[in-house]
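J.: Mind looking at a prediction? Sequence and model below.
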Amino acid sequence: MFDGMQRRVVSLWFPRLASDRVLRARQVDGPFALTLAQNNANRIYCLNSAAEARGLYRGMTLSDARAFCPDLLTRSADLAEDARFLGSLRRWATRWCPWVGFEGHDGLVLNITGSAHLFGGEEAMLAAMRARLARAGLAVQIGQGETRGAAWARAHFGEGAALEDLPVAALRLGGETVTALQRMGLRTVGQLANSPRAPLARRFGAKLLLRLDQAFGQQPEQTSPEADPPHFGVRMTLPEPIGLEADVMAGARRLLERLCDKLRDQQSGARVLCLTLRRVDGDAQDVELRLARPLRDPARILPLFQRGVSELDAGFGIDQLRLEAVQVEPLPPEQVAHIRDHDPGRLDDLISRIGTRIGLENVQRFLPADSHIPERSFIIAPVAYSKPEKGWVRLRPRPIILFPPEPIAASGPRPPERFRWRRMTLTTGRVTGPERITPEWWLVDDAWQSGLRDYWRGGTRPGGRLWVFYTPQNPGWFVQGEFA
Amino acid sequence: MSPTLNTVYPLRAARVHEACGPAAVSFALRTAAQIGGDVIWLREQWLPERLNPAGFEGVEPDRLILAQTEDQTDTLAVAEEALRDGVAPLVVAQITRPISLTAGRRLQLAAKAGGTTGVCLIPDGMGSNAVETRWHCAPVFDADDSTLQQWDLIKNKSGTLGSWHVRWDAAARRVIVVSPAGE
């Protein structure tokens, strides 16, 4: 049996990942630092080598740093963007070997066992890594070893050094343990490995010996490669260009079936789909489809593409189709009930179809809101992104139509006997009120600048039941709505 | 002599009807309350008047789906789509410009295919000849009631015209006819 292959692990440490990421986009000559608000103080989160040379360090407050170095340029740190950047580095690193995992928030661990010879040996491979990362503008320290612990130690505390000569901090220990070990005179890993194990375990717990054994390979440790996130895109290349609508739809149907299989495996549903058709002349056309709810049923999605496909210009023919689920939402399988009062899917399909014409956000529904202000007593929300809500409270009669207040000529706190509104002369026959509504002072609303409102329901001759109000703080009369 | 209201109202299903006049919105909402089920309400975005769900009587606001269109072409296209689909038994479209005979006929065919009722709210005199009935609705002053309206049937494809004073019975959720008060 072949057992001569040794496990080889490479650890990449990016000591200035965050600032390098920002500086890649915008080159800065001179000291530069990223700041992060921690414990009510702006502290330096990451800094470039020029700033380090001026005596700045991580965790320093920004005001101190400014005093040391008045020409320091700073930006605020974006941790989420850093994590995304490390994710794309991880994806890049799979070019060297298939097993790549994260090492903390600023490093990667690669299990290069059996793949180094593809790049001309381990030394050549590491040199190529260094060259590529340097070209990308990233500072990196690379350590390799037979275990993950040894690789980490060399990356952080001396590339190529013997493990025994490294300080005890290279064993991935906490700060207190390191201090205590140093006080005991155990400064290097070698000294620690040669000292008796039982007193160490009693004094520092099992964690210290575990880390020691992991570094020397006596305890196993996985590199735990990250799985690639599922990709919801399929494509089809055609030997001969097609141009008929029916042919394109048939191609879309095949793609959709493959895509929906993927979605079913991931228990997801597509919310936004994009069908890209590449023409023979190299031009590409997109058909975007936004759905009223997540779907993965090809038979229901396919007809919704009809309208977009019919508007396309096929030119000299289409030779590649690509279908991607741009936005995906979880869609767990549902239990099928044999009693169902109505099919909710049909209404959603209709809304999707209407949405392809007028925009999905323009298909809306009313939701109740907690406010006495008539205009704010309800919310209008897109149907696709909201659920219907009950709980409409109707304490007092309200008009069925609201419009922006229209002034009428009148004075005094009682509704006028006769007034003109919309070029009609109306006589007030019966009034009910007033109902006083005060503005919500915690919200700034220009329409309510005139202060309190006294609302009256007025029945007028010849007809018309209007909702009029009087603003006692800035005297004036307005019509705001009509009753049924 | 006008026929009784119940020969023409509730509105004939699988047809498109029109309503005009100051109380047309109220007519559509009363029709929605009487038909039940989901309502698709089409309006153009720029219209300053807005429906106030807090004022609905007989219609649950969560049953109403509002589609805000850019212009009348979109309104008619979406109305045809919704009528033909048939999942919502009532489709209300707020019309702002005259509809051609072709457009009206297309709506009528879509309503027939889907088995749905369509109500177009039109400005006075902008209706289509393909419509089944056309109503003019106006509120009437009443000393002690606030739902009295006069409904005039001003076009009827399959019957005579008529005029009624109606009021909304909130408890029974239906429209009842009252005899007009003597002048």
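T.: Cool, the structure landed. No experiment lies behind these values; they were computed from the predicted model shown.
J.: Double-check that A:Leu118 belongs to a helix.
T.: Yes. Read with DSSP: H, G, I helix; E, B strand; the rest coil, A:Leu118 is one of the residues of a helix.
J.: Return the list of helices and strands in contact with the helix or strand encompassing A:Asp64.
T.: Element membership of A:Asp64 [criterion: DSSP states H and E] is helix A:62-68. Applying 3 or more Cβ pairs under 8 Å, 6 or more residues apart in numbering or on different chains; DSSP states H and E, we find helix A:62-68 packed against strand A:32-38, strand A:41-47. In this view, the C-beta of every residue, glycine as well, is placed from N, C-alpha and C.
J.: Now the closest residue to chain B within the stretch 151-300 of chain A. Its backbone dihedrals?
T.: Minimum separation of the stretch 151-300 of chain A from chain B (Cβ to the nearest Cβ) falls at A:Ala292, amounting to 10.4 Å. When read as degrees, to the nearest 10, the backbone of A:Ala292 gives phi -70, psi -20.
J.: ok, it touching A:Glu361?
T.: No. A:Ala292 lies out of contact with A:Glu361 (Cβ atoms under 8 Å); the separation is 11.0 Å.
J.: on that earlier part again, so who does the residue of the stretch 151-300 of chain A closest to chain B touch?
T.: Going by Cβ atoms under 8 Å, 6 or more residues apart in numbering or on different chains, A:Ala292 touches A:Asp348, A:Asp349, A:Ile351, A:Ser352, A:Gly355, A:Leu360, A:Val363, A:Val383, A:Ala384.
J.: Within reach of chain B, which of these are there?
T.: When contact is defined as Cβ under 8 Å from any Cβ of the partner chain, the contacts of A:Ala292 meet chain B at A:Asp349, A:Ile351, A:Val363, A:Val383.
J.: correct me, but the last one touches A:Arg365?
T.: Read that as A:Val383. Yes. At 5.0 Å, A:Val383 counts as touching A:Arg365 under the criterion of Cβ under 8 Å.
J.: shared neighbours, those two?
T.: With Cβ under 8 Å, 6+ apart as the test, A:Val383 and A:Arg365 both reach B:Ile65.
J.: Strands of chain B, residue ranges please.
T.: Assigned by DSSP state E, chain B shows strands spanning B:16-20, B:39-44, B:50-51, B:64-69, B:90-94, B:117-121, B:133-139, B:149-156, B:162-169, B:174-178.
J.: export those strands to TSV and tack on distance to A:Arg130 and mean pLDDT?
T.: Listed next are the strands of chain B as TSV, based on distance: least, Cβ to Cβ, whole Å; pLDDT from 0 to 100:
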stretch	distance to A:Arg130	mean pLDDT
strand B:16-20	74	95
strand B:39-44	63	94
strand B:50-51	65	91
strand B:64-69	58	94
strand B:90-94	68	95
strand B:117-121	72	95
strand B:133-139	82	94
strand B:149-156	84	93
strand B:162-169	82	90
strand B:174-178	83	86
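J.: what's the most buried one of those?
T.: strand B:90-94 (a mean of 27; mean count of other Cβ atoms under 10 Å in any protein chain shown).
J.: Tell me how far it lies from the chain's centre.
T.: Distance of strand B:90-94 from the chain centroid (Cα atoms, centre = their mean, to the nearest Å) equals 7 Å.
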